[in-house]
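Novice: predicted coordinates and the sequence they were generated for:
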Amino acid sequence: MSRHVVAPVSEIPPGGRKVVEAAGKRIVVFNLDGEFFALLDRCPHQGSQLSGGILCGLTQSDEPGHYRFSRAGEFVRCPWHQWEFDIRTGKSWFDPRRTKVRPFPAGVAEGSELVEGPYTAETIPVRVEEAYVVVEA
Amino acid sequence: MNLVRPIASYGKPAAATLGLVDVDIHPRVRDLSEFRPFVSDADWHRLTTYGIHARHGFAKGYPFPKAAPLACRRDAWPPGGGPPASDLPFLQEQLLDRYGLDVGVLNPLQPSGQGDVNDGLSIALTSAVNDWQIEHWLRHEPRLRGSIVVPYEDGPAAAAEIRKRAGDPRFCQVFLLSRTCEPLGRRRYWPIYEAAAEVGLPVGIHAFGYSGHAMTSTGWPSFYVEEVQEHATSAQAQVASMVVEGVFERFPGLNVVMIECGFGWMPSLAWRLDGAWKRLRDEVPHLTRAPSEIMREHVFVSTQPIEEPERPEHLLDAMEWIGWDRILFASDYPHWDFDDPRMAIPSFIPEEKRAAIYGGNANRIYRFR
């Protein structure tokens, strides 16, 4: 596993996403309120691209007629069969034991750190002070 | 800069050695004006002034939410605009070419005029839909076949439309919906079967439609989850009616394909019908053979959405009972519950049986080869 610079932070605003390629894999990077998470862009059910799905939250109910909504925008819903995956963990919410998207570690590193790495030629433009999004894949 | 390469060609499933046939594709008009060349001035006036009214009360839109806009995959909206499956080049790219389909069967849903409360408009619009299939799809893409959309609540008018289209080999079946005003075995629908048998086309019965009745026999359900599973019960009512009323006794050459209705219910329906028939056959003397025998001779089913029991052998048992030669692959493109051909037919099904499901069976019943 190696580190790949995939975008400046500013390119993926909170609530935003970007499809990137690293180590030959299609990966979708999400920004949840400043925290970055990356998922393989392939639904484990039938292979659709999760990056085309809408974001949703968690609706829970203890009994009919009472609903609690939380974690708005922290789940991605597959554009085909509506499977929902927790962006933080890759776990599907309906059946977390069986269906799981492969999560990739994603984080933010300062641009100045990245200049030294092997990725700089293409991925770090002039804005050296900017923070860049990095995925490990 | 991070560049994302397009996904490489998906290709045909390896097990589709007898060809890949998709028996459930739903083309849609970009907007109603695409029908204009095929309807009279009077019908166009009627359509644009008074509109289409399904038999489910005078409400606009669907009675239940559809999981996604227009019940479609979110990636199926053509980049050039228009609703999903309204654009031939995009359908070719996303479905026909991507999976290597040999044949795709068009099953136009609304707006199609089927089951409309206005019988005259239903007759005019369904015929326009057939002209539209030819002009917008079949003329340009030989891999596609059409379905003869008929105003099924008017038996004689539907029969006339079937006979009008029968000489065109690009149409491969007669198209009905599963929710009708009366059970489909009733004699008011027999002109449809007479015409279909006469011209040698199967009758496809696709889930949905609006009958004017509540969607369950005990009233209106609350949720879309309930609506989608209800197809199994309306399909059972239709198959039972056609078998018990003697449709297949009267028209022995007739075949029906239950599309998007599931099939796990087939064995239990047949067992219950057989049990009742053995005891009560004096009530239906025209029914000279066991219902199960008739079903396994005249009824075909499609795969999507396939039942997914926890134990694979339960699915295999149901398919075995129905007959490996009677199950047809369907994708339901472009709807949200689309089945990817490479993933939809479980690999625990033996390979030669998967080949039959992918293409062999459809080629035989629709005479594609």
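Specialist: Yes, it's here.
Novice: chain B contacts on chain A?
Specialist: Residues of chain A found near chain B, taking C-beta under 8 Å from any C-beta of the partner chain as the criterion, are A:4-7, A:19-22, A:26, A:45-49, A:52-54, A:79-82, A:122-123. The C-beta positions use only the backbone N, C-alpha and C, and glycine is treated the same way.
Novice: can you say which of those residues are buried?
Specialist: Buried residues within the residues of chain A next to chain B, defined by neighbour count using 16 or more other C-beta atoms under 10 Å in any protein chain shown: A:4-7, A:19-22, A:26, A:45-46, A:48-49, A:52-53, A:79-82, A:123.
Novice: burial check on residue 78, number of neighbours?
Specialist: Just so you know, I chose chain A. Residues lying near A:Cys78 (other C-beta atoms under 10 Å in any protein chain shown) number 25.
Novice: my question was about chain B
Specialist: Using other C-beta under 10 Å, B:Pro78 is surrounded by 19 other residues.
Novice: for beta bridges, what are the partners of B:His206?
Specialist: B:His206 has these beta-bridge partners by DSSP bridges: B:Leu177, B:Ile259.
Novice: pretty sure B:Asp75 is touching A:Gln49, no?
Specialist: Yes: with contacts counted by C-beta atoms under 8 Å, B:Asp75 reaches A:Gln49, the gap being 6.8 Å.
Novice: which residues belonging to the top strand by length along chain A are considered buried?
Specialist: Secondary structure assigned by DSSP state E gives strand A:66-77 as the longest strand of chain A. Using 16+ other C-beta under 10 Å as the test for burial, strand A:66-77 gives A:71, A:73-77.
Novice: ok, it: who's next to it in the sheet?
Specialist: The pairing partners recorded for strand A:66-77 under DSSP bridges are strand A:54-63 (antiparallel), strand A:84-86 (antiparallel).
Novice: where does chain A have low pLDDT?
Specialist: A:1, A:94-99, A:110-130 (pLDDT under 70).
Novice: what about the helices in it?
Specialist: A:111-114, A:120-123 (DSSP state H).
Novice: list residues touching both of B:Asp75 and A:Gln49?
Specialist: A:Pro79 (C-beta atoms under 8 Å, 6 or more residues apart in numbering or on different chains).
Novice: show me what contacts the residue of chain A found nearest chain B?
Specialist: Nearest residue of chain A to chain B (C-beta to the nearest C-beta) works out as A:Pro79 at 3.6 Å. Applying C-beta under 8 Å, 6+ apart, we find A:Pro79 in contact with A:48-50, A:52-54, B:68, B:73-75, B:336.
Novice: that one and B:Glu307: what is the separation?
Specialist: 23 Å (C-beta to C-beta, to the nearest Å).
Novice: just B:Leu70 next, same as before
Specialist: 25 Å.
Novice: more crowded one of these two?
Specialist: B:Leu70 (17 against 14).
Novice: just say helix, strand or coil for the nearest residue to the more buried one once chain neighbours are set aside.
Specialist: Of all residues not flanking B:Leu70 in the chain, B:Pro83 sits nearest, at 5.7 Å (C-beta to C-beta, 6 or more residues apart in numbering or on different chains). Secondary structure, DSSP: H, G, I helix; E, B strand; the rest coil: B:Pro83 is coil.
Novice: from chain A, how far off is B:Pro83?
Specialist: Separation of B:Pro83 from chain A (C-beta to the nearest C-beta, to the nearest Å): 15 Å.
Novice: my guess is that residue contacts B:Arg30. True?
Specialist: Yes: between B:Pro83 and B:Arg30 there is a contact at 6.9 Å, judged by C-beta under 8 Å.
Novice: neighbour count for those two, which is higher?
Specialist: Neighbour count, other C-beta under 10 Å: between B:Pro83 and B:Arg30, B:Pro83 has more, with 17 against 14.
Novice: who's in contact with the more buried one?
Specialist: B:Pro83 touches B:28, B:30, B:70, B:72, B:77, counting by C-beta under 8 Å, 6+ apart.
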